[in-house]
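Colleague: got a structure for you, letters missing:
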């Protein structure tokens with residue numbers, strides 16, 4: 001109980017907020033919506049049990065997760081946060097596929113350019129002007 005004002009959970013549940021209230025550190029009176037959504041999805045009794053089973057240093061993270069999941073359940077009552085995860089995984093798969101297509105297209109373009117350059121520098125052995133040093137014979141061939 002901070003400054004004489006009951007925490008959001010005690011206020012919503014209409015009970016006196018004790019000094020050792022397990023909800024007080026995580027559900028301040030300034031943010032009543034935070035507890036209201038968690039209470040609606042999980043129930044105050046279940047949240048109380050969960051928090052009591054956890055060591056103090058893990059409780060804040062647990063409350064944060066409960067609030068996140070409760071908000072996800074509000075948006076998607078069937079799948080909750082799993083629906084968000086599936087959506088994002090599908091998006092990643094689609095983007096990976098687009099990237100693979102783009103890389104394949106880039107490779108095709110590079111191969112066409114290399115083939116084009118190679119065709120420009122083909123040496124015609126029947127054409128003396130295309131032979132490298134056709135008129136000069138290397139010194140190591142003359143004994």
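Modeller: Nice, thanks for sending it over. All of these numbers come straight from a predicted model, not from anything done at the bench.

Colleague: tell me where this structure has strands.
Modeller: Taking DSSP state E, the chain contains no strands at all.

Colleague: so who does residue 54 touch?
Modeller: Contact partners of residue 54, counting by C-beta atoms under 8 Å, 6 or more residues apart in numbering, are residue 62. No exception for glycine: its C-beta is placed from N, CA and C like everyone else's.

Colleague: how close does it sit to residue 22?
Modeller: Separation of residue 54 from residue 22 (C-beta to C-beta, to the nearest Å): 10 Å.

Colleague: do the same with residue 102
Modeller: For residue 102, the distance to residue 22 - C-beta to C-beta - is 53 Å.

Colleague: between those two, which has more neighbouring residues?
Modeller: residue 22 (17 against 10; other C-beta atoms under 10 Å).

Colleague: all helices for this structure, in order.
Modeller: 8-13, 32-42, 44-53, 56-75, 81-120 (DSSP state H).

Colleague: could I get the ones you listed as CSV with distance to residue 26 and mean pLDDT?
Modeller: Listed next are the helices of the chain as CSV, based on distance: least, C-beta to C-beta, whole Å; pLDDT from 0 to 100:
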stretch, distance to residue 26, mean pLDDT
helix 8-13, 9, 94
helix 32-42, 8, 95
helix 44-53, 8, 95
helix 56-75, 4, 96
helix 81-120, 19, 93
